[in-house]
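> sharing a model that was predicted from the sequence below.
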Amino acid sequence: NPTQFDYDADGVGDACDASQYADVTAFGDITGDGKPDVAGLLVTGAGNPAIGVYSGATGDWTSSIDFANDDWQALALATIADADQDGTSGDPAVAMLIVNRVTNKIRVESRRLDSAVQLSSVAFFNHKWRAIDAVVIDDLDGNGNTNDTAVAVLAERRADGRIQLQLRDVDTGDLVTNTVYLTPSWSAVAAAVAHQNGMPPLVGVIAENSGTGGRTLQAREAESGALDGNTGFLGSAWQFHDVSVNRDADGDGVSNDAVWQVLATRSSDNVVRVQSRAVTSGALDANTVILSASWEALRLDTAADIDGNGAGELAITANRRSDGLRRIHIKDYGTGATTTNVAP
């Protein structure tokens with residue numbers, strides 16, 4: 001459908017480099033069908049970062065929203081549940097991690113999904129750091145109210161490999177905290193947020209150790225930086241790609257059994273899997289085979305139930321090895337069945 005790349009809404013499809021399409025983020029219903037929807041990262045013909053917005057149920061294109069300009073490279077997406085910060089979610093926005101192609105400045109630009117209006121553009125770190133991922137903490141103090149949203153950038157210091165998560169207020173850009181993860185012997189891959197009912201939210205960082213072959217997720221409290229624990233996922237035979245959180249693993253409608261979900265590929269045969277482990281205990285909850293060796297896994301997010309069985313959905317961006325075709329592959333967490341394929 002060429003009109004899905006009509007960025008200026010003039011009815012004419014604009015040129016797009018689909019090979020740049022990578023990260024995915026999920027949010028509540030904005031298409032009016034009562035089902036969660038998703039947005040994927042893409043690049044316009046002019047080279048500036050943008051997102052395509054799609055129905056989670058059908059995969060149909062809904063809109064596209066431009067971010068920044070062609071001086072900036074997009075790296076990652078995250079969803080803000082409560083754009084107007086009135087304490088009630090349901091007015092989502094997308095936060096995009098961008099890096100200046102010349103100066104290496106790092107920013108997170110946030111825009112509403114209903115109007116494309118910019119909420120904020122927050123600066124992080126400086127050119128001495130390499131940006132890796134961005135996350136949104138919708139309820140920073142964990143009291144159940146979403147009027148204290150913060151955004152964080154995961155980065156590594158170029159000089160020594162120090163892994164650090166910098167947390168800032170999404171509206172003002174004020175610094176909340178800097179938190180160090182692991183040691184420089186580890187390479188950070190991605191981050192995700194676990195919101196827990198009545199408890200401080202956690203930010204988990206997945207990382208690989210090339211020297212020992214170690215694979216781990218380290219979780220720390222978002223605001224205080226206090227260590228929550230380390231959880232092992234898979235092993236040295238697997239390459240990590242991304243991590244997300246399913247807040248309701250058993251699909252009973254109560255968000256009291258969150259699981260970390262790590263997207264990885266087995267080096268020996270290119271099998272793509274998501275391994276899920278309980279946030280509270282690290283206990284194995286599920287191993288889900290995602291795609292065949294014909295596909296290269298890229299990024300992962302978690303959506304609420306789309307197909308009506310109560311279970312959440314896994315949303316994975318992938319690249320077909322034979323021709324570079326990219327898609328968002330949405331799979332049911334409960335059954336492992338394919339829910340939707342979005343093919344921008």
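Arrived safely.
> sheet-wise, list the partners of the helix-or-strand element of the chain with minimal mean pLDDT with their directions.
Of all helical and strand segments in the chain, the minimum by mean pLDDT, DSSP states H and E falls on strand 37-43, at a mean of 87. Strand 37-43 has the following strand partners under DSSP bridges: strand 24-27 (antiparallel), strand 49-55 (antiparallel).
> including distance to Asp133 and mean pLDDT, could the ones you listed go into a markdown table?
For glycine as for every other residue, the C-beta is placed from the backbone atoms N, C-alpha and C. Putting these into a markdown table (distance: least, C-beta to C-beta, whole Å; pLDDT from 0 to 100) gives the following:
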| stretch | distance to Asp133 | mean pLDDT |
| --- | --- | --- |
| strand 24-27 | 12 | 96 |
| strand 49-55 | 15 | 94 |
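> can I get those in JSON lines including distance to Asn178 and mean neighbour count?
Shown next, in JSON lines, are these (distance: least, C-beta to C-beta, whole Å; neighbours: other C-beta atoms under 10 Å):
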{"stretch": "strand 24-27", "distance to Asn178": "24", "mean neighbour count": "25"}
{"stretch": "strand 49-55", "distance to Asn178": "26", "mean neighbour count": "24"}
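> for the least confident helix or strand of the chain, what is the distance to the chain centroid?
The chain centroid and the centroid of strand 37-43 are separated by 11 Å under C-alpha atoms, centre = their mean, to the nearest Å.
> put the alpha carbons of that strand into PDB.
The C-alpha trace of strand 37-43 is given here as PDB (Å, rounded to 0.1, in the frame of the first residue of the first chain):
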ATOM      1  CA  ASP A  37      -2.200  -0.500  18.400                       C
ATOM      2  CA  VAL A  38       1.500  -0.300  17.500                       C
ATOM      3  CA  ALA A  39       4.000   2.200  16.000                       C
ATOM      4  CA  GLY A  40       7.100   1.300  14.100                       C
ATOM      5  CA  LEU A  41      10.200   3.300  13.400                       C
ATOM      6  CA  LEU A  42      10.900   4.400   9.900                       C
ATOM      7  CA  VAL A  43      12.700   7.100   7.800                       C
END
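> which residues does that strand contact?
Outside of strand 37-43, the residues within contact range by C-beta atoms under 8 Å, 6 or more residues apart in numbering are 5, 16-18, 20-31, 49-56, 62, 64, 74, 76-77, 94, 96, 113, 301, 303, 315, 317, 328, 330, 342, 344.
> can you select the buried ones from these in ChimeraX?
In ChimeraX syntax, the buried subset of the contacts of strand 37-43 is picked out as below (16 or more other C-beta atoms under 10 Å):
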select :5,16,20,21,22,23,24,25,26,27,28,29,30,31,49,50,51,52,53,54,55,56,62,64,74,76,77,94,96,113,301,303,315,317,328,330,342,344
